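A.B. asks: with the input below, show me the fold.
(one chain, ligands or ions: 1)
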Amino acid sequence: MQLYRLVYYSEAADNLTIQDVKSISAKASIKNESLLVSGGLLYCEGKFLQILEGSIRPVNKLFETILRDPRHKNVNLIEFSRVKKREFEGWEMSLVFFPTSRDFYPEYIKYSGGDSFDPMSLDGDVCVAFLRGLLERQKR
Ligand SMILES: Cc1cc2nc3c(=O)[nH]c(=O)nc-3n(C[C@H](O)[C@H](O)[C@H](O)COP(=O)(O)O)c2cc1C
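C.D. replies: Numbers count the residues shown, from 1 in each chain. Below you'll find the model as predicted:
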């Protein structure tokens, strides 16, 4: 199976609550598992950063659905490329939530080199390392 990785950034719809985000993530885990898609979703200050990995068709189809979802806007593709292995193996959709970017300042500095949270300035590899760093912290 050829593996692909898709990374995008978007902004939450104005009225979206953390409960809505948790519900998106819970449903996503079930659907992603059936599609053999893994990945991570960061939600912070009304911004989403999501990574999806899996076969080309399910990842494309899922992204098409996500693009049309009115619960977010200004969807920007950061990366779509073939990769050798999954970085989120075993995570159908791991949600990381931080109320403010100050809460993940150490990880952000470490992986991005910048100090203000601006997902559009990151490349795909940095997004993956950053999200994985946050997941490791959440597991501890
Ligand atoms: C920021 C964001 C991320 C999402 N991520 C996923 C995801 O990883 N997997 C998923 O199945 N749905 C995800 N969704 C929800 C989809 O847009 C869609 O509602 C869901 O896949 C159900 O679609 P369906 O009813 O056509 O099966 C996401 C929605 C948003 C707003």
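A.B. asks: within the helices and strands, which one has the closest residue in space to residue 83 that isn't next to it in sequence?
C.D. replies: Spatial nearest neighbour of residue 83, excluding adjacent residues (CB to CB, 6 or more residues apart in numbering): residue 5 at 4.6 Å. For every residue, glycine as well, the C-beta is placed using N, CA and C. Applying DSSP states H and E as the criterion places residue 5 in strand 3-12.
A.B. asks: wait, the residue nearest to residue 83 touches residue 56, no?
C.D. replies: No. Assessed by CB atoms under 8 Å, residue 5 is found out of contact with residue 56, at 10.6 Å.
A.B. asks: out of the two, which sits in the more crowded spot?
C.D. replies: Applying other CB atoms under 10 Å to residue 5 and residue 56 shows that residue 5 carries more neighbours, namely 24 against 14.
A.B. asks: the more buried one bridge partners, please.
C.D. replies: When assigned by DSSP bridges, residue 5 has beta-bridge partners residue 53, residue 81.
A.B. asks: same question for residue 49.
C.D. replies: Note on residue 49: beta-bridge partners residue 9, residue 42, judged by DSSP bridges.
A.B. asks: near the ligand, which residues of the chain?
C.D. replies: Within the chain, the positions adjacent to the ligand are 10, 24, 28, 31-32, 41, 48, 50, 62, 65-66, 69, 71-72, 93 by CB under 6 Å from any ligand atom.
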